[in-house]
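Asker: just the structure for this:
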Amino acid sequence: MKNNFLKNFYLRFLVNVIISSIIFFIIVIFFIYILFISEIGVSRNILDTRQFAVNENFLNLLLSFFLGIIVFTITFILLERKKYKNIDLIYKGINRISNGNINEEIIVDSDDEISIMAENLNIMQIKLQEIIERDRESERQKNELITNIAHDLRTPLTSILGYLEIIETNKKITDEKKMEYISIAYNKSKRLETLIDDLFAFTKLSFGKLPMNLLRIDIVKLINQLIEELYPLFEKNKIDYEFKSNVSSLDVLGDPKLLARLFDNLINNAIKYGKDGKKIIITLFKDGDNSYYVSVVNFGEIISDDIKHKLFEKFYRADKSRNSNVSGTGLGLAIAKNIAELHKGRIEVNSDKNGTEFKVLLKVDFDLENENLYE
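Answerer: Prediction:
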C-alpha cells in the first residue's frame, strides 16, 4: 500500500502534541497541588466559599492551558504547512528516484533549507542521468567494437582461407596462378597482422598500460626520416609532398617510437583520404619557448562539421568507408589521439576549401604527471 507521507506526518505530530500535553498537564497539576496544599497548611480557617473560588480558579487555569496548547498546535501547523508540503514533495521525489524515474525535477516553493535539499536532489538526478548515459554509450561502443573487430578480422581471413583452399583443392592450377594467390593471401595476412597490432596498441594506449620511453629527440630529424621512409607510398599514390619548418632542429621530450607512429598515422591518413588532391603539406612550427605543433594538410574531400568530432573514435571508418576501396583498420586516428594525450598534447582538425588539416599541439618539455597542454 502506498504511504501517505503528509498524513502520517500530521498524525505523528498530533500524537506527540497529545503526549506532550498530558505530561505538561501532570506537571502543572502537581505544582498547583503543592501550592494548594501549602496554602491550606498556612490557614486552616479558610471559608468554604474561598475553597470553591480556588477550585474554580484551578479549573479555569487548566482550561486556559489546554486552549493555549490547542491554539499553539493549530497556529504552528498553519505556519509550517507549506514546509510540510515541500517535505512531502521531496519524499515523493526520493521514492520516484528509488524506483528508477530520474527524469522529473523536484520543484519546491521555498527559499530555506528545504529548497537546498531539493536542489541537491535535482543535481544528484542530473549526475545519475549522466552516469546512466555514459554506461549506455559505453555498452553501445563495446558492442560496436566487437562487431567491427569481427568484421575486420573475418574479411581478410576469409580471403586467405579462400585462396589457400583453391591452391590445395585445384590440382590443375598453374604455378603462375598459384604464386598470384599466395601473394594475395600474404598481403591479406599482413593486413590481418596490422589490424591485430593496431588493436593491441589501441587497447594498451586506452588503458594507459603502454610504458613511455621518454628521451630527448630532434623532432625535425624524426619527421624527415619518417617522410623518407614513406617516399615509396607517395610515389605509388602519385602524391607530391612538402615539408616546411621554421627551425632547422628542435630537441623535444618524447617517446620516439610513439611520436613516429603518431605522425605516420596522420600522414598515411592524409594519403588515403587526400590522394585526389595530389599534394600533402607537412609543417613543423615552433610556437614560443615551450610549444610547437606539427600539421598535416591534404586537399582531398572536405570533412563536414557534423562528423569532425567522430574522426578520432575507434573504428569510425566502419561508418563511412568500410565498403569502399579505402584500406585501414579505422584505429589510426584514435591511436594518434591517444599518443598525443600521453604526451600531454592534443589534436585539432579543420577542413574547408583550403584543405583538411590535422594539427598536433605539443610541448618541448612537459611534466608527465601534472601538466596538461592548453587546459
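Asker: walk me through the domains of this structure.
Answerer: Residue ranges for the structural domains of the chain, counted by automatic domain parsing, are given in the record as 5-101, 137-206, 215-363.
Asker: ok, the residue nearest in space to the middle of the chain to residue 228 distance?
Answerer: Nearest to the centroid of the C-alpha atoms of the chain, with distances taken as Cα atoms, centre = their mean, sits residue 134, at 5.7 Å. As for residue 134, its distance to residue 228 is 44 Å (criterion: Cβ to Cβ, to the nearest Å). Every C-beta, even on glycine, is put in place using the N, C-alpha and C of the backbone.
Asker: of all the domains of the chain, which lies closest to residue 128?
Answerer: Counting by Cβ to Cβ, residue 128 lies closest to domain 5-101 out of the domains of the chain; the figure is 7.6 Å.
Asker: quick one: average pLDDT of the closest one?
Answerer: Predicted confidence along domain 5-101 averages 67 (mean pLDDT).
Asker: now stretch 186-196
Answerer: Over the span of stretch 186-196, the pLDDT mean works out to 80.
Asker: what distance separates it from the centre of its chain?
Answerer: The chain centroid and the centroid of stretch 186-196 are separated by 34 Å, computed with Cα atoms, centre = their mean, to the nearest Å.
Asker: send me that stretch as PDB with only the CA atoms.
Answerer: Listed next in PDB are the C-alpha coordinates belonging to stretch 186-196 (Å, rounded to 0.1, in the frame of the first residue of the first chain):
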ATOM      1  CA  TYR A 186      50.300 -13.000 -48.000                       C
ATOM      2  CA  ASN A 187      49.100  -9.400 -48.400                       C
ATOM      3  CA  LYS A 188      45.800 -10.200 -46.600                       C
ATOM      4  CA  SER A 189      47.900 -11.800 -43.800                       C
ATOM      5  CA  LYS A 190      49.900  -8.600 -43.500                       C
ATOM      6  CA  ARG A 191      46.600  -6.600 -43.300                       C
ATOM      7  CA  LEU A 192      45.500  -9.000 -40.600                       C
ATOM      8  CA  GLU A 193      48.700  -8.500 -38.700                       C
ATOM      9  CA  THR A 194      48.400  -4.800 -39.000                       C
ATOM     10  CA  LEU A 195      44.800  -4.900 -37.600                       C
ATOM     11  CA  ILE A 196      45.900  -7.100 -34.600                       C
END
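Asker: related to what we said a few turns ago, can you list the domains of the chain in JSON lines and add distance to residue 119 and mean neighbour count?
Answerer: As requested, the domains of the chain are exported to JSON lines (distance: least, Cβ to Cβ, whole Å; neighbours: other Cβ atoms under 10 Å):
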{"stretch": "domain 5-101", "distance to residue 119": "11", "mean neighbour count": "12"}
{"stretch": "domain 137-206", "distance to residue 119": "27", "mean neighbour count": "14"}
{"stretch": "domain 215-363", "distance to residue 119": "32", "mean neighbour count": "17"}
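Asker: does residue 73 touch residue 15 like I think?
Answerer: No. Proximity of residue 73 to residue 15 does not meet the contact threshold set by Cβ atoms under 8 Å, at 11.7 Å.
Asker: what residues are shared contacts of the two?
Answerer: Common neighbours of residue 73 and residue 15 are not found (criterion: Cβ atoms under 8 Å, 6 or more residues apart in numbering).
Asker: so where do the strands sit in the stretch 201-350 of the chain?
Answerer: Counting by DSSP state E, counting those that start in this stretch, the stretch 201-350 of the chain has these strands, from start to end: 215-218, 240-245, 251-254, 279-286, 291-298, 346-352.
Asker: ok so residue 93 is a helix residue?
Answerer: Yes. With DSSP: H, G, I helix; E, B strand; the rest coil as the criterion, residue 93 is located in a helix.
Asker: find the nearest non-adjacent residue to it, please.
Answerer: The shortest distance from residue 93 to any residue other than its chain neighbours is 3.9 Å, reached at residue 106 (Cβ to Cβ, 6 or more residues apart in numbering).
Asker: how far away is the one you found from residue 118?
Answerer: Residue 106 sits 5 Å away from residue 118, taking Cβ to Cβ as the criterion.
Asker: shared neighbours of those two, anything?
Answerer: Between them, residue 106 and residue 118 have 89-90, 93 as joint contacts when contacts are counted by Cβ under 8 Å, 6+ apart.
Asker: want to throw those into TSV with distance to residue 65?
Answerer: Compiled in TSV, the shared contacts of residue 106 and residue 118 are given as follows (distance: Cβ to Cβ, whole Å):
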residue	distance to residue 65
89	36
90	35
93	40
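Asker: contacting residues for the nearest residue to residue 212 once chain neighbours are set aside?
Answerer: The shortest distance from residue 212 to any residue other than its chain neighbours is 4.7 Å, reached at residue 255 (Cβ to Cβ, 6+ apart). For residue 255, the contacting residues are 212-215, 342-343, by Cβ under 8 Å, 6+ apart.
Asker: so what sits opposite the residue lying closest to residue 274 once chain neighbours are set aside in the bridge?
Answerer: Sequence neighbours aside, residue 298 is the residue nearest to residue 274 in space, at 2.5 Å (criterion: Cβ to Cβ, 6+ apart). According to DSSP bridges, the partner residues bridging residue 298 are residue 280, residue 356.
Asker: can you name the element that comes right after the strand or helix carrying residue 68?
Answerer: Counting by DSSP states H and E, the element that carries residue 68 is helix 48-98. Towards the C-terminus, the helix or strand next in line after helix 48-98, according to DSSP H and E, is helix 113-169.
Asker: many thanks, have a good one.
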